[in-house]
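In: Build me a model:
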Amino acid sequence: MEKGCAQCLKHLLMLCFFANLSLSIALSHVKIGEQPLSKIAIHKATFLLNSRASIRASPYLLGVKDFQWVTVDLDHPDPAADDWVGVFSPADFNSSTCQPNNDSEAETPYICTAPIKYKYANHSSPDYTKTGKATLEFRLINQRADFSFAVFSGGLSNPKLVAVSNFISFVNPKAPLYPRLAQGKSWDEMTVTWTSGYDINEAVPFVEWGPKGGRLTRSPAGTLTFKRNSMCGPPARTVGWRDPGFIHTSFLKNLWPNVVYRYRLGHMLSNGSYVWSKFNSFKSSPYPGQDSLQRVIIFGDMGKAEHDGSNEYADYQPGSLNTTDQLIKDLDNIDIVFHIGDMPYANGYVSQWDQFTAQVEPISSRVPYMVASGNHERDWPNSGSFYDTDDSGGECGVPAETIYYVPAENRAKYWYATDYGMFRFCIADSEHDWREGTEQYKFIEHCLATADRQKQPWLIFAAHRVLGYSSNYWYGLEGSYEEPMGRESLQKLWQRYKVDLAFFGHVHNYERTFPVYQNQPVSSEKSHYSGVFNATIHVIVGGGGSHLSDFSNVIPIWSIYRDYDFGFVKLTAFNHSSLLFEYKKSSDGKVYDSFTITRDYKDVLACVHDACEKTTLAS
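Out: Okay, the predicted model is just below:
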């Protein structure tokens, strides 16, 4: 009997082990981490207004800067450790702003809008539970509406509204803000995209620009926006919805190569007066093939975090501010940036797109900030995305496609080619089918095949998900070391067209491979590659700032360097035959992995395995 019970217990423990293992695999592959605002059950909030509680915000009127610090003083007669303060905008967040709700469990009146951000009341006042008094500092950005602050008891899961502050506002809530540069469809075109509160019925948007020290001209801008019904599901259509304002894009054309231009955003009001942004500057793209110093930054999965410590900074996306700050420090030595998917991790909380564009504005206002589509931008069930997950929180690509310009033929299909001097970049959209025979596959082959390698010796492929090689933990469990069906169709294209480097995010760490083809490293060299192309080097650069991903315990034979940390890659093309690769950590900006490539044009022309036509006239 005892032996039988022991066997039963052993069998039960084994079942539990495999159940937990299966669960951990599922969770690791689908979702790790959580949008901080999703922890707040705001749709269940009830009213418990207390006349003895007070919350006050100052100053009442915020200045003309893009952001300002606000002081919030709280006095609560019945304090608790889980009391929290939310920032709401628009300031009047009562049920009058709600759409009809068919949820019979919802209280009436109820709150239907999530806060922009929040802090626990005791965040900077450790004696709060004893005194009931706290002072909090919030950093606010201009988001086209007024603000109020509300204190809740009951924690995040059972919020009860105790008191609401006075309303505060920026001097001009509609001001043009957060310029975002991007390469146009031709090398001599720069696009400028920004956000404002002005519809075209109120004001005419344009950019005033010209060479530094030269005459300024004006270029008109188009205006887009999106509505709640453009979202595919909750929370984007429900508690996460916030009016995104108006998105304007102007096309600055016929630029001279390598010239510094200055520009400012403008709106001409119906009364003939003007609203202006501050001046910024950028350096135009070099002519394709031009031999000059060219420096490129690549990373993915950065996310956003709050400078004031809101939303539990250093928990969900701890590295994003470090990455941003390091790039800003080195901005004089950067020419173009590629953020390859998973941008703010808004996950359906639309207000977070403003927070993200404000965070990267010091970068995007001065150099082209090129983006790619990730699962947290695009994926939603039955929306046409390749992966049938709910990772976008109901956004289904709409905010990303509207707020950021990319030189794609169809921005709903986020694949595009862009040239920068000696570089050709082929940016794929891993959230749409890339397999052989698809529309995207044809684009990828055309992008690679049309690179003039004499003028553009450095051919770069990038996508969000790992369509190449990664020894990430969940890929190791699957035994594939790639996204399912990732490289099967693409590796013959990378080999045929001699792609130097392939970059991927989605996995939140750093990893570099040997030159690898069909699972086999084709070179044992680690630090310097010269002569004839052998195979593509694959790089995981998903440590931009979001929670880190574990590696597999098994190190594949093609893996050279792995780092469980936040960081980004910098490519420096010195000329047509010399390229420097550097991996830098976000914490200190120092180089932790590097290599060089030296290759002449004759080496690019040479035949290698599976990289030349099978027959020629000579044969």
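
In: Any idea how far apart the tips of stretch 291-307 sit?
Out: Terminal residues of stretch 291-307 lie 40 Å apart, using CA to CA, to the nearest Å.

In: What residues sit buried inside that stretch?
Out: Under the neighbour-count criterion of 16 or more other CB atoms under 10 Å, stretch 291-307 has 294-306 buried. No exception for glycine: its C-beta is placed from N, CA and C like everyone else's.

In: Let me have the residues you listed in CSV, extended by secondary structure and distance to Ala573.
Out: Shown next, in CSV, are the buried residues of stretch 291-307 (DSSP: H, G, I helix; E, B strand; the rest coil; distance: CB to CB, whole Å):
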residue, secondary structure, distance to Ala573
Gln294, strand, 4
Arg295, strand, 8
Val296, strand, 8
Ile297, strand, 13
Ile298, strand, 13
Phe299, strand, 18
Gly300, coil, 21
Asp301, coil, 25
Met302, coil, 24
Gly303, coil, 29
Lys304, coil, 30
Ala305, coil, 32
Glu306, coil, 36
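
In: Tell me the one of the residues you listed nearest Lys133?
Out: Glu306 (23.2 Å; CB to CB).

In: and the gap between the closest one and Glu137?
Out: 11 Å (CB to CB, to the nearest Å).

In: where in this protein is pLDDT low?
Out: Confidence mapping of the chain against pLDDT under 70 gives the ranges 1-33, 94-110, 313-316, 615-619.

In: What segments of it are helices?
Out: With DSSP state H as the definition, the chain shows helices at residue ranges 2-30, 128-131, 320-329, 351-364, 375-378, 398-403, 439-449, 473-478, 491-496, 601-605.

In: Of all the residues in the fourth one, which ones are buried?
Out: Yep, that's helix 351-364 we're talking about. Applying 16+ other CB under 10 Å to helix 351-364 flags 351-361, 363-364 as buried.

In: Ser124 - how many residues pack around it?
Out: 14 (other CB atoms under 10 Å).

In: try Asp610
Out: When neighbours are counted by other CB under 10 Å, Asp610 registers 14.

In: so what's it closest to, chain neighbours aside?
Out: Gln495 (4.7 Å; CB to CB, 6 or more residues apart in numbering).

In: check contacts around that neighbour.
Out: Gln495 makes contact with 517, 535-536, 608-611 under the criterion CB atoms under 8 Å, 6 or more residues apart in numbering.

In: TSV for those, including distance to Leu579?
Out: Below are those laid out as TSV (distance: CB to CB, whole Å):
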residue	distance to Leu579
Tyr517	20
Ala535	16
Thr536	14
Val608	18
His609	22
Asp610	23
Ala611	19
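
In: If any of those residues are buried, give me the ChimeraX selection for them.
Out: Only the buried members of these enter the following ChimeraX selection, criterion being 16+ other CB under 10 Å:
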select :517,535,536,608,611
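
In: Pull the most distant pair out of the contacts of Gln495.
Out: Longest span within those, CB to CB: Thr536 and His609, 12.5 Å.

In: list residues touching both of these two?
Out: Residues touching both Thr536 and His609 by CB under 8 Å, 6+ apart: 495, 517.

In: Now do the contacts for the most centrally placed residue in the chain.
Out: Against the mean C-alpha coordinate of the chain, by CA atoms, centre = their mean, the closest residue is Met343 at 1.1 Å. Residues in contact with Met343 (CB under 8 Å, 6+ apart) are 302-303, 356, 371, 374, 376-377, 400, 404.

In: ok, now how distant is it from Val275?
Out: With the distance defined as CB to CB, Met343 ends up 27 Å from Val275.

In: ok, now Phe167?
Out: In terms of CB to CB, Phe167 sits 22 Å off from Val275.

In: Arg56 too?
Out: Relative to Val275, and taking CB to CB, Arg56 is found at 31 Å.

In: These two: which is more packed in?
Out: The neighbour count for Arg56 versus Val275, taken as other CB under 10 Å, is higher for Val275 (17 against 14).

In: That one pairs with what?
Out: Residues in a beta bridge with Val275, per DSSP bridges, are His267.

In: again with Tyr261
Out: Judged by DSSP bridges, the bridge partners of Tyr261 are Pro211, Phe282.

In: pretty sure it contacts Ser285?
Out: No. Counting by CB atoms under 8 Å, Ser285 is not a contact partner of Tyr261; they are 11.2 Å apart.

In: So for those two, which sits in the more crowded spot?
Out: Using other CB under 10 Å, the more surrounded residue of Tyr261 and Ser285 is Ser285, with 26 against 19.

In: residues in contact with that one?
Out: For Ser285, the contact set (CB under 8 Å, 6+ apart) comprises 183, 187-188, 190, 255, 257-258, 336, 368, 419-421.

In: likewise Gly233?
Out: Neighbouring residues of Gly233 by CB under 8 Å, 6+ apart: 348, 380-381, 390, 393-394, 396.

In: same thing with Phe503?
Out: 298, 300, 338, 340, 460-463, 539, 541, 569.

In: Looking at the residues you listed, point me to the pair that's furthest apart.
Out: The two members of these with the most space between them (CB to CB) are Ala463 and Val569, at 14.8 Å.

In: Pick out whichever of the two has more residues nearby.
Out: Higher neighbour count among Ala463 and Val569: Ala463, with 32 against 23, using other CB under 10 Å.

In: The more buried one and Gly545, how far apart?
Out: The value you get for Ala463 to Gly545, if CB to CB is used, is 19 Å.
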